[in-house]
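Participant: generate coordinates for the sequence data below:
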Amino acid sequence: MNDIQKDQSAEQEKERLYSQYEKLIIRRDQLKKEAGISEALYYHEFGPLMTDLFHKKLECIQWKKIISYCQAVANTGKRVNEGELETYISNSMMEYRDQLRELIRRRDQTKKLEESPLFAVEKAKRIYRDIAKLIHPDMHPDLAGNPYFTELWTKAAEAYHRNDVHGLEEVKLLSHTALVRLGKNGAMPRLPDIEERIKSVRDQINRIRSTDPYLFKFLLDDPEAVKDRKKDLNSELGEYTDYGLTLESVLTKMMGKEFTDAWKRKMQME
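Facilitator: As a prediction, this is how the structure comes out:
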């Protein structure tokens, strides 16, 4: 094989890999859209029941804490100080919310550190400008009516607002290769890590297809499965409702109906 044939073979292999990468990116983004739609439909279908169940679980946790506190005070032979009990319950329930807020704060903080350091912001700006030079509709009116380039420009804008450098690199590559195929650019861009990128997108596709919310679509497409899910949620809600009534009864025997009713009103106001 002479040098010209080697160059042609290498160029063909690069074209094959870039085409494969492009198809995988398009497939991944389509799956993301499907997953987003499925998630919205899932919470539309089951959200009210899930919310009711969550509140009922919190009620039971609160009843248990009140009973535990009252029992502990009774064991010392003292009377329950309602002000101290309110403070204890407020602080105890706050722990659950504080732990959740802290978890979210740390997650968001980690995400920001990973995705938005100064160098990444600057890099995102540079890539975004490069993409604009390639396909911005104002600079390339001949591309303005092309739905593929319109979608690419929308993706570029979304990735830029997220400081998503990797996403911008993908859009730049797709833009460049599409222009090459239209005869508007020279050779394909060079990506030395194209095989690693292909593997990464494949892994992303596998994760999307094997986890919620994408899997919600299969449940939602099955009327019997939807019915069973609602039945399970209603059943669990009924169990926690009964458990809550049992806990109320226990507290009433310990502290009296007036005491329990007062706490029930407080809980309903939260």
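
Participant: report all helices and strands that the longest helix seen in the chain contacts.
Facilitator: Longest helix in the chain, counting residues (DSSP state H): helix 3-75. Judged by 3 or more C-beta pairs under 8 Å, 6 or more residues apart in numbering; DSSP states H and E, the packing partners of helix 3-75 are helix 82-115, helix 165-181, helix 194-210, helix 216-220, helix 223-255, helix 257-269. For glycine as for every other residue, the C-beta is placed from the backbone atoms N, C-alpha and C.

Participant: got those as CSV, with distance to Leu152, mean neighbour count and mean pLDDT columns?
Facilitator: Converted to CSV, the helices and strands packed on helix 3-75 look like this (distance: least, C-beta to C-beta, whole Å; neighbours: other C-beta atoms under 10 Å; pLDDT from 0 to 100):
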stretch, distance to Leu152, mean neighbour count, mean pLDDT
helix 82-115, 21, 11, 68
helix 165-181, 5, 20, 88
helix 194-210, 16, 15, 93
helix 216-220, 26, 16, 91
helix 223-255, 37, 14, 96
helix 257-269, 52, 13, 90
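
Participant: for Tyr18, which of these is the nearest?
Facilitator: Of all the helices and strands packed on helix 3-75, it is helix 165-181 that lies closest to Tyr18, at 5.5 Å by C-beta to C-beta.

Participant: rewinding a little: now distance to His136 too, for the helices and strands packed on helix 3-75, in JSON lines please.
Facilitator: JSON lines is the format used below for these (distance: least, C-beta to C-beta, whole Å):
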{"stretch": "helix 82-115", "distance to His136": "24"}
{"stretch": "helix 165-181", "distance to His136": "10"}
{"stretch": "helix 194-210", "distance to His136": "25"}
{"stretch": "helix 216-220", "distance to His136": "35"}
{"stretch": "helix 223-255", "distance to His136": "45"}
{"stretch": "helix 257-269", "distance to His136": "54"}
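
Participant: give me the below-cutoff pLDDT ranges for the stretch 1-150 of the chain.
Facilitator: For the stretch 1-150 of the chain, the stretches with pLDDT under 70 are 1-8, 96-120.

Participant: at 80 what do you get?
Facilitator: 1-11, 14-15, 94-122 (pLDDT under 80).

Participant: could you check the angle helix 165-181 makes with the longest helix of the chain?
Facilitator: Per axes from the mean of the first three to the mean of the last three C-alpha atoms, to 10 degrees, the angle that helix 3-75 makes with helix 165-181 is 150 degrees.

Participant: Tyr214: what secondary structure?
Facilitator: Classification of Tyr214 using DSSP: H, G, I helix; E, B strand; the rest coil returns coil.

Participant: which residues does it contact?
Facilitator: Shown in contact with Tyr214 (C-beta atoms under 8 Å, 6 or more residues apart in numbering): 31, 34-35, 38, 208.

Participant: between the residues you listed, which is nearest Lys155?
Facilitator: Leu31 (14.7 Å).

Participant: leaving out sequence neighbours, find the closest residue to the closest one.
Facilitator: In space, and not counting its chain neighbours, Leu31 is closest to Ile208: 4.6 Å by C-beta to C-beta, 6 or more residues apart in numbering.

Participant: what about His161, how many neighbours?
Facilitator: His161: 10 surrounding residues under other C-beta atoms under 10 Å.

Participant: could I get the contacts of Tyr214 as CSV with distance to Thr260?
Facilitator: Shown next, in CSV, are these (distance: C-beta to C-beta, whole Å):
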residue, distance to Thr260
Leu31, 51
Glu34, 49
Ala35, 45
Ser38, 43
Ile208, 48
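
Participant: if we only consider these, which is nearest to Gln71?
Facilitator: Once C-beta to C-beta is applied, the member of the contacts of Tyr214 that ends up nearest Gln71 is Ser38, at 46.1 Å.

Participant: let me see the contact set for the closest one.
Facilitator: Going by C-beta under 8 Å, 6+ apart, Ser38 touches 213-217, 220.

Participant: which pair in the residues you listed spans the largest distance?
Facilitator: Across the contacts of Ser38, the longest distance by C-beta to C-beta is 11.2 Å; it joins Tyr214 and Leu220.

Participant: quick one: closest of the helices and strands packed on helix 3-75 to Glu22.
Facilitator: helix 165-181 (5.8 Å).
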